[in-house]
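K.L.:
okay, sequence plus prediction incoming.
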Amino acid sequence: MFHFLRLDFLRKLSFLASVLAASLFACVTIAPIAQAQAVNTSLDTLFTVRNLQLDETASSAFQARSAAIEKAESEAFDILLSKIIRQSDKDKLPPLSRREKQTLMVGIDFLDEKTSSRRYLATVNIRFEPALVSELLDTYNIPHILEAGGRLMILHAHTRGVKNILWEDDTTLEKARAAVDWSNRIRQPILLESSHNARMNFPFKAVSSIDHRTIASRLRNFNMPSALLISSSITRDYKSVTSRLTYKYGTTRAGGITEDHIQVPGVTLESEETALIKMYRNILDDIDERWKAQLLVDTDITGSITLIIATPALKDFINLTDRIAGISLITKHQVVSVKVPVSILEIEYKGTESQLELALGYAGLELVNTVDGKMLQLANQ
């Protein structure tokens with residue numbers, strides 16, 4: 001057993017016992033036995049693998065359920081690693097046993113369960129303990145992410161022949177989106193539902209032209225920090241019986257436009273759906289990798305900084321320090337002085353100062369250089 005996988009025996013025993021006890025539930029249909037109750041913090045978002053679909057058949061319901069949960073635990077750990085470390089660093093981590101992976105888990109949330117005499121189906125979320133996972137990765141000197149990337153509105157303008165689609169109902173787009181895992185990402189993709197307000201603020205032309213400036217100016221109306229703009233069109237070559245999906249995309253915060261295309265066999269709506277699924281996955285993977293490059297934290301790198309805080313009232317100081325307390329990169333913060341109109345705060349953090357600034361940005365804060373030093377304030381003041 002690795003030294004970093006020490007565990008509280010009673011807590012571990014309790015967890016395993018709960019899984020075993022749940023396995024004893026047979027019958028025709030089982031109501032959800034647990035719902036995710038954790039506060040949706042940055043770490044909770046990042047270290048929870050969501051909406052895993054379980055479907056297993058065995059000689060008995062008990063065996064099917066046990067096999068399904070074991071597969072889900074392994075799959076969840078792999079998904080977590082893909083979120084928080086580079087692909088090239090995975091080989092640095094030795095194979096872990098099932099018990100060692102379970103040690104890193106907080107628990108399993110069963111959102112839905114159905115079983116027959118031999119088949120078991122369920123949807124589950126698996127939550128990992130950030131501190132234990134981070135300790136594991138530190139042991140092997142693997143840089144990893146300790147902050148989620150914040151919410152990201154998805155706006156997709158698609159052209160099929162003479163038809164422009166953005167807010168209109170479209171079965172092919174709906175099927176493609178349903179086949180994509182939007183949940184287990186560094187960013188938190190939000191597919192905005194059609195409404196009069198959405199149509200007025202985000203017209204087809206602005207999205208299809210990847211008009212960063214226009215879209216960014218209207219995100220405040222939806223309390224969204226940034227948006228991913230996707231513009232695509234499908235063309236069909238009936239002679240070669242193939243389809244070509246051409247697409248480009250960009251985010252409002254980063255700017256810039258990336259272009260690519262996907263060639264697929266067939267000229268049917270099914271082949272278009274296949275191309276759209278691949279496009280969505282390619283784009284989301286690229287967005288994750290770009291943010292991962294900014295957020296990867298080598299925990300051997302640490303720093304400290306003294307900050308000035310404008311505090312015309314005590315509530316302003318409390319508001320800022322509450323936000324700081326929720327940033328996992330910050331390991332310690334100490335009040336030097338609390339005065340009106342200016343207070344002083346010292347913080348210690350993991351990673352680089354640029355990563356700290358990025359994490360502060362996700363918490364709605366920003367650092368501003370002044371003649372007296374760095375001032376911490378609410379973003380966009």
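P.N.:
Yep, it's here.
K.L.:
the protein - how does it break down into domains?
P.N.:
Under the assignment automatic domain parsing, the domains of the chain span 3-139, 151-295, 302-378.
K.L.:
next, format those domains as CSV and append distance to residue 145, mean neighbour count and mean pLDDT.
P.N.:
Placement of C-beta: from N, CA and C, glycine included. Below are those laid out as CSV (distance: least, CB to CB, whole Å; neighbours: other CB atoms under 10 Å; pLDDT from 0 to 100):
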stretch, distance to residue 145, mean neighbour count, mean pLDDT
domain 3-139, 4, 16, 76
domain 151-295, 5, 17, 92
domain 302-378, 10, 15, 86
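K.L.:
how about the strands in the stretch 201-350 of the chain?
P.N.:
In the stretch 201-350 of the chain, the strands defined using DSSP state E, counting those that start in this stretch lie at 227-237, 242-251, 258-265, 302-310, 330-337, 342-350.
K.L.:
how much space between residue 225 and residue 364?
P.N.:
Distance of residue 225 to residue 364, given as CB to CB, to the nearest Å: 9 Å.
K.L.:
mind listing what residue 189 touches?
P.N.:
Applying CB atoms under 8 Å, 6 or more residues apart in numbering to residue 189 gives the contacts 152, 154, 182, 228, 284.
K.L.:
of all pairs in these, which one is the farthest apart?
P.N.:
182 and 228 (11.2 Å; CB to CB).
K.L.:
now the strands of the stretch 201-350 of the chain in CSV, with distance to residue 274?
P.N.:
Output for these, formatted as CSV (distance: least, CB to CB, whole Å):
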stretch, distance to residue 274
strand 227-237, 11
strand 242-251, 9
strand 258-265, 5
strand 302-310, 47
strand 330-337, 44
strand 342-350, 42
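K.L.:
wait, which of those is closest to residue 124?
P.N.:
strand 227-237 (27.5 Å).
K.L.:
now for the closest one, which elements pack on it?
P.N.:
On a contact count with 3 or more CB pairs under 8 Å, 6 or more residues apart in numbering; DSSP states H and E, strand 227-237 meets strand 151-160, helix 204-208, helix 212-218, strand 242-251, helix 269-295.
K.L.:
export that strand to PDB, keeping only CA atoms.
P.N.:
What follows is strand 227-237 as a C-alpha-only set of coordinates in PDB (Å, rounded to 0.1, in the frame of the first residue of the first chain):
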ATOM      1  CA  ALA A 227     -19.000  32.000 -24.200                       C
ATOM      2  CA  LEU A 228     -17.800  29.500 -26.700                       C
ATOM      3  CA  LEU A 229     -18.900  30.500 -30.200                       C
ATOM      4  CA  ILE A 230     -19.200  27.700 -32.800                       C
ATOM      5  CA  SER A 231     -20.000  28.200 -36.500                       C
ATOM      6  CA  SER A 232     -20.400  25.200 -38.700                       C
ATOM      7  CA  SER A 233     -21.800  24.200 -42.100                       C
ATOM      8  CA  ILE A 234     -22.400  20.800 -43.700                       C
ATOM      9  CA  THR A 235     -21.900  20.200 -47.400                       C
ATOM     10  CA  ARG A 236     -22.600  17.000 -49.300                       C
ATOM     11  CA  ASP A 237     -20.800  15.500 -52.200                       C
END
